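Engineer: Kindly generate the corresponding structure for this input.
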Amino acid sequence: MAAPTIYPTETILVVDDEPEVLSLVEDTLRGLGYTILSTGDPQAALRFSRTHPEPIHMLLTDIVMPIMGGGALSEEFRILRPGAKVLFMSAYEIETVEAYRVRLAPGEPFLHKPFTLAGLEQTARAAVLYPLPVSWPRPSPRRE
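Structural biologist: The predicted model follows:
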């Protein structure tokens with residue numbers, strides 16, 4: 001007898017300023033069973049984070065975006081949803097993204113653009129299952 005297929009039940013907030021990438025990620029992850037909230041606007045993503053009545057299990061965000069980059073967005077998101085995961089995606093190499101306030105722990109999932117649909121599926125699942133550090137570093141206070 002075959003094992004039953006288990007579908008993901010997590011909710012993922014997807015943020016990317018490129019409409020084609022946003023649509024592809026949204027459609028792919030929704031087709032896999034995830035509940036998807038999506039926007040091209042980081043400020044709208046923060047509004048979702050404040051007002052969405054159900055858990056948001058993960059933020060999947062591009063790093064380089066106008067208005068607010070993924071690093072700054074993730075800092076605000078982690079304050080609003082401290083138990084949620086964050087998966088970054090970018091066409092830039094990991095070494096380059098540190099200039100955008102993004103620091104990845106060794107082994108932390110990262111989605112490099114361009115990606116395959118299988119790569120998106122595998123990396124998203126790995127990020128959802130990735131254990132959070134015992135004490136996630138809080139962002140440093142903003143300087144005015």
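Engineer: Give me the secondary structure label for the residue nearest the centre of the chain.
Structural biologist: By CA atoms, centre = their mean, the chain has its centre lying nearest to Leu60, at 1.6 Å. For Leu60, the assignment made with DSSP: H, G, I helix; E, B strand; the rest coil gives strand.
Engineer: mind checking how far the lowest-mean-pLDDT helix or strand in the chain is from the chain centre?
Structural biologist: In the chain, the helix or strand scored least confidently by mean pLDDT, DSSP states H and E is helix 94-97, which has a mean of 80. Computed by CA atoms, centre = their mean, to the nearest Å, the chain-centroid distance of helix 94-97 equals 16 Å.
Engineer: Identify the residues contacting Tyr92.
Structural biologist: Ile63, Val64, Tyr100 (CB atoms under 8 Å, 6 or more residues apart in numbering). All C-beta spots, glycine's among them, are computed from the backbone N, C-alpha and C.
Engineer: closest to Arg125 among those residues?
Structural biologist: Ile63 (20.4 Å; CB to CB).
Engineer: hey, what's the residue nearest to the centre of the chain bridged with?
Structural biologist: Val14, Leu87 (DSSP bridges).
Engineer: Dump the contacts of Tyr92 into a markdown table; add secondary structure and pLDDT as well.
Structural biologist: A markdown table is the format used below for the contacts of Tyr92 (DSSP: H, G, I helix; E, B strand; the rest coil; pLDDT from 0 to 100):
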| residue | secondary structure | pLDDT |
| --- | --- | --- |
| Ile63 | coil | 95 |
| Val64 | coil | 93 |
| Tyr100 | helix | 79 |
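Engineer: No further queries at this time; thank you.
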